[in-house]
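A.B. asks: sequence below, structure please.
(2 chains)
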Amino acid sequence: MVNTNGAWTQAEGRDVVSKKVCLVGSFAVGKTSLVRRTIDDVYDEGYLTTVGVKVDRTEVKIGPRTVNLMLWDLAGEDAFAELRLDYIRGASGLILVADGTRADTIDSAIELKRKINRAFGPLPSVLALNKSDLVASWSISDAHCRILGRSGAWSVVRTSARTGEGVPTLLATLARRMVAP
Amino acid sequence: MSQDTYEAVLHAVLGDAGTAVLEARPDGSFRVVSSGPEWFTVLVGPTKQGDIVDLGGRCPPLDHFMLVARDHWAHGSTTGIESSGIWIEMVGDQEIPLEAYARRIEGRPHLILSSPARQYDEVRGMLQHARESLLSNGVLERAVEERTQMIRAREEEIAVRLVSAAEFRDSATGAHIRRIGRFTLLVATAMRLHEHVLDHLELAASMHDVGKIGIPDHILLKPGPLDEEERRVMERHTVVGARILEDSDTPALQLGREIALSHHERWDGTGYPFGLSGEQIPLVARIVAIVDYFDATVNDRPYRPAMSVEEVLGIMRGERERHFDPAVLDLFLHLQPQIAEIRRAVDLEVAEERALAAERAALGGRGAPSREDFWGTDGFALH
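C.D. replies: Residues are numbered from 1 along each chain as shown, chains lettered A, B, ... in the order given. Predicted structure coming up:
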């Protein structure tokens, strides 16, 4: 069994650690698209809903260290489907994804974070405000973003799965938070 | 039926059904009971009935499920079943939905792996349709909301410019106009007026003195007391304001007309222009009468200095049931902490606007800070 939360090991002269990371958020906010951009560096136009969970792997280099991320892309939550909390067990970090053009998806991300905190305690988290390529259509104000960024519960990163903007920053930010002493 | 025959039949049937069945062994490995599906061969390698395989490390969701499965095999009921939920594995370039079940068969721990492709496609299709509908509805709602806001913003701009034109000739300040709107909204909200009224009240209240635009300068700007004829002309600002705002389809202007016309009526019937009394006076006008009096007297005017809040509230208490509606006045007095907060907020806003205007002038009209100024260039919000 792969140890996703083990101690640092050595590989090719580098310190390496593996971490399980869960992507959660409302439906159609771009969780799968962010993973596709990360893994394959591609973006598919159109929306294809996710059912269940799909796991992909990537790595982030932080100085001389490598953090292997096992990305669990969980189905979006809405009135039709509830997040299966059991999937979060063993996670070292969370990527909460919201769609900047739909303010209600930020409320959903906040609620999911609360729900996960209650079940597993606080986990290192990053909020991805996705669809920055559509920033002219965003329904959240800069003031709202500022408040979200200052909450301390998470780092906030503006991302676009379509253009790739902010995606490396998103992963690096979470990796740093997870391995911080 | 012997155990071997039973397993042979099971192997054939389940293989045809696209299901793999394995019996869990105490050392963590599995004995293959049925390994028919092609995807199982791709994931685990070629196997035959009776082979021992190690499933660990191949599929993270399956590894994850093993904790639940082992608990179930050890402590669960003999007839119960635990499910992993669906996960997706890539087999070649094809996405295969898989699901694992843990149950005890004949008292022995078994793991059942299946690919519920048809159910998966059905569920996915239904969710896709439902979520696309939600997204479309959301887009439509946002478009309607944006249009409504745009129309309202235009109405507000027209009204603000109208108020500004009146203000330009009067000694009243922009801050006074802003405070009147917010005080009125505060009191009306506390009185739980209808949402449709609240939506337009702040703007409508700010137009209460718009009729002063029709008063000659020598009367409007006279530093000393007005004689009887001048007072009669001055009192016309209520009627002039109502004339300016009448016959409009815009809710804020309709409400503004009511306020402009009646905000100098008095509870005891000695006000103007019609000498209405008590509840004959529209409620919104009774509210504005109170907040206008308060704000005008606690702030400096060119022709007289400001009075203290305590002093003004004392005078207003004396006018209870004379000038002012007693119930509205009582509420206004109760809301003094919030009134003080609004006064501080408006002062701050005005100071910030002045500073921004000065900054703009210094920058040669570059304008307000942009989104990029806020976000920086690396995508991080400022902490």
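A.B. asks: gap between the two ends of stretch A:65-85?
C.D. replies: 31 Å (Cα to Cα, to the nearest Å).
A.B. asks: mind checking if that stretch is in reach of chain B?
C.D. replies: Yes - using Cβ under 8 Å from any Cβ of the partner chain, we find that stretch A:65-85 touches chain B at A:70, A:72, A:76, A:78, A:80-81, A:84. From N, CA and C alone the C-beta is placed, and that goes for glycine too.
A.B. asks: pull the most distant pair out of those.
C.D. replies: Using Cβ to Cβ, those reach their maximum pairwise distance at A:Met70 and A:Phe80, which is 27.0 Å.
A.B. asks: how many other residues sit next to B:Gly85?
C.D. replies: B:Gly85 sits with 17 neighbouring residues when counted by other Cβ atoms under 10 Å in any protein chain shown.
A.B. asks: so what's it up against?
C.D. replies: A:52-53, A:84, A:86-87, B:61, B:99 (Cβ atoms under 8 Å, 6 or more residues apart in numbering or on different chains).
A.B. asks: ok, now how distant is it from A:Leu74?
C.D. replies: Relative to A:Leu74, B:Gly85 is positioned 10 Å away (Cβ to Cβ, to the nearest Å).
A.B. asks: and if you look at A:Ile110?
C.D. replies: As defined by Cβ to Cβ, A:Ile110 lies at a distance of 17 Å from A:Leu74.
A.B. asks: the two: which is more packed in?
C.D. replies: Neighbours per residue (other Cβ under 10 Å) separate A:Ile110 from A:Leu74, with A:Leu74 holding more: 23 against 17.
A.B. asks: what comes up buried for the helix ranked longest in chain A?
C.D. replies: For chain A, the longest helix by residue count, based on DSSP state H, is helix A:104-120. Neighbour-count burial for helix A:104-120, counted by 16 or more other Cβ atoms under 10 Å in any protein chain shown, picks out A:105-106, A:108-110, A:112-113, A:115-116.
A.B. asks: send me the worst-scoring helix or strand of chain A on mean pLDDT as CSV with only the CA atoms.
C.D. replies: Taking mean pLDDT, DSSP states H and E as the measure, chain A has helix A:142-149 as its least confident helix or strand, at a mean of 74. Extracted in CSV, the C-alpha atoms of helix A:142-149 (Å, rounded to 0.1, in the frame of the first residue of the first chain):
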residue,chain,number,x,y,z
ASP,A,142,-12.5,42.5,-4.6
ALA,A,143,-13.6,43.3,-1.1
HIS,A,144,-15.1,39.8,-0.8
CYS,A,145,-11.9,38.3,-2.1
ARG,A,146,-9.9,40.4,0.3
ILE,A,147,-11.9,39.1,3.3
LEU,A,148,-11.6,35.5,2.1
GLY,A,149,-7.8,35.9,1.7
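A.B. asks: next SSE downstream of it?
C.D. replies: Sequence-wise, the next helix or strand downstream of helix A:142-149 (DSSP states H and E) is strand A:155-158.
A.B. asks: immediately after that next one, which helix or strand?
C.D. replies: The helix or strand immediately downstream of strand A:155-158 is helix A:167-179, counting by DSSP H and E.
A.B. asks: sitting in helices, which of the contacts of B:Gly85 do you find?
C.D. replies: Residues of the contacts of B:Gly85 located in helices (DSSP H): B:Pro61.
A.B. asks: please flag which of the contacts of B:Gly85 sit within strands.
C.D. replies: Under the assignment DSSP state E, those contribute A:53, B:99 to strands.
A.B. asks: filter the contacts of B:Gly85 to the buried ones?
C.D. replies: Buried members of the contacts of B:Gly85, scored by 16+ other Cβ under 10 Å, are A:52-53, A:87, B:61, B:99.
A.B. asks: just the element for B:Asp71, please.
C.D. replies: B:Asp71 belongs to helix B:60-75, assigned by DSSP H and E.
A.B. asks: how about residues contacting that helix?
C.D. replies: Contacts of helix B:60-75 (Cβ under 8 Å, 6+ apart): A:1-2, A:4, A:20, A:53, A:55, A:70, A:72, A:86-87, A:89-90, B:24, B:55-57, B:80, B:82, B:84-85, B:87, B:98, B:100, B:102-104, B:109, B:111, B:113.
A.B. asks: now, which of those lie within strands?
C.D. replies: Judged by DSSP E, strands contain the following of these: A:20, A:53, A:55, A:70, A:72, B:24, B:82, B:87, B:98, B:100, B:102-104, B:109, B:111, B:113.
A.B. asks: next, count neighbours for A:Leu34.
C.D. replies: By other Cβ under 10 Å, 27 other residues sit near A:Leu34.
A.B. asks: and the residue of the stretch 201-350 of chain B nearest chain A?
C.D. replies: The minimum distance from the stretch 201-350 of chain B to chain A, using Cβ to the nearest Cβ, falls at B:Glu349 (13.9 Å).
A.B. asks: helix, strand or coil: sort out that residue for me.
C.D. replies: Here B:Glu349 is helix, with the state taken from DSSP: H, G, I helix; E, B strand; the rest coil.
A.B. asks: again, but for the one 5 residues further on
C.D. replies: For B:Arg354, the reduced secondary structure class is helix; criterion used: three-state DSSP.
A.B. asks: what does A:Val126 give?
C.D. replies: A:Val126 - assigned by three-state DSSP - is strand.
A.B. asks: mind listing what B:Ala205 touches?
C.D. replies: Shown in contact with B:Ala205 (Cβ under 8 Å, 6+ apart): B:180-181, B:183-185, B:256, B:259, B:284, B:287-288, B:291.
A.B. asks: B:Leu226 now?
C.D. replies: Taking Cβ under 8 Å, 6+ apart as the criterion, B:Leu226 is in contact with B:219, B:234.
A.B. asks: for B:Lys48, same thing?
C.D. replies: B:32, B:35.
A.B. asks: got phi/psi on it?
C.D. replies: phi -140, psi 170 (degrees, to the nearest 10).
A.B. asks: and it, how far from A:Ala91?
C.D. replies: 37 Å.
A.B. asks: give me the phi and psi for B:Glu265.
C.D. replies: Here B:Glu265 shows phi and psi, under degrees, to the nearest 10, equal to phi -70, psi 150.
A.B. asks: got a pLDDT number for it?
C.D. replies: The model reports B:Glu265 with a pLDDT of 97.
A.B. asks: my read: it touches B:Val284, true?
C.D. replies: No - using Cβ atoms under 8 Å, B:Glu265 makes no contact with B:Val284, being 11.7 Å away.
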